[in-house]
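Novice: Model the following, please.
(2 chains)
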Amino acid sequence: GAVVSQHPSWVICKSGTSVKIECRSLDFQATTMFWYRQFPKQSLMLMATSNEGSKATYEQGVEKDKFLINHASLTLSTLTVTSAHPEDSSFYICSARAFSPLGASGIRNYNEQFFGPGTRLTVL
Amino acid sequence: GIQVEQSPPDLILQEGANSTLRCNFSDSVNNLQWFHQNPWGQLINLFYIPSGTKQNGRLSATTVATERYSLLYISSSQTTDSGVYFCADTGFQKLVFGTGTRLLVSP
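Specialist: Have a look, this model is predicted:
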């Protein structure tokens, strides 16, 4: 239980193109999803908080027009990196927080976050 | 906001050895979690432990909320335990991560 998937797992694109990354909670509903960025040998940096049906909340220093976030349903959030440049190359990870403390997945801790496997983006 | 410090930053162990990882917080603990990030980048939930002690196989964790720290114990370490261990806690509903402990277990 409590599985979060991300797609794609890796992507290589040319500078100037846009890339969409999907984050899905497979066996639970998530009103809130989070997007993180991780540079090599560093900790995770929160980029934005995504709430179903409302606009995302971005952390200071994160360009909302460059990193578009959509949380269309209780199981899907997407991150679109627009007009990607080499400096956007990174490891992007999403997480989801359970909507309900109980369910088929057996999640018991409402505030516990579960993470996707990450997407490695390389911009040439 | 809350600050999270982890120690040690790096740890090298021989297979079979035991270890203790520590996490200190600057503010009260709310929803402390321990994670293991494997070499492929996947974060694996180890414990959700805002207080008390929990055990899961060779791993156990203790959080002393009043003193703002948590400990992760790894016993009889195996090579598959290698990776980075993070603790994190929520401040204003956002997880704040520590800088991690990089563990290498050699055969």
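Novice: Does A:Glu112 touch A:Ala96 like I think?
Specialist: No. Using Cβ atoms under 8 Å, A:Glu112 is not in contact with A:Ala96; the gap is 9.9 Å. From N, CA and C alone the C-beta is placed, and that goes for glycine too.
Novice: out of the two, which sits in the busier spot?
Specialist: When neighbours are counted by other Cβ atoms under 10 Å in any protein chain shown, A:Glu112 and A:Ala96 differ, and A:Ala96 comes out ahead with 29 against 20.
Novice: where does the more buried one land on pLDDT?
Specialist: pLDDT, A:Ala96: 92.
Novice: Please apply the same query to B:Gln42.
Specialist: In this model, B:Gln42 is scored at 93, pLDDT.
Novice: and what of A:Ser100?
Specialist: pLDDT, A:Ser100: 53.
Novice: do the one 5 residues further on as well
Specialist: Looking at A:Ser105, its pLDDT stands at 51.
Novice: B:Leu46 - how many residues pack around it?
Specialist: 20.
Novice: The spatially most central residue of chain A is in what secondary structure piece?
Specialist: Central residue of chain A (Cα atoms, centre = their mean): A:Cys94, 3.1 Å from the mean position. Per DSSP states H and E, A:Cys94 falls inside strand A:90-97.
Novice: which is the next helix or strand following that strand?
Specialist: Strand A:90-97 is succeeded, C-terminally, by strand A:113-115 (DSSP H and E).
Novice: CA atoms only: put the helix or strand following that following strand into CSV for me.
Specialist: Next in sequence after strand A:113-115, counting helices and strands by DSSP H and E, comes strand A:119-123. What follows is strand A:119-123, C-alpha atoms only, in CSV (Å, rounded to 0.1, in the frame of the first residue of the first chain):
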residue,chain,number,x,y,z
THR,A,119,12.5,11.6,-12.6
ARG,A,120,15.9,12.4,-13.8
LEU,A,121,15.8,15.3,-16.3
THR,A,122,18.8,16.1,-18.5
VAL,A,123,18.5,19.2,-20.7
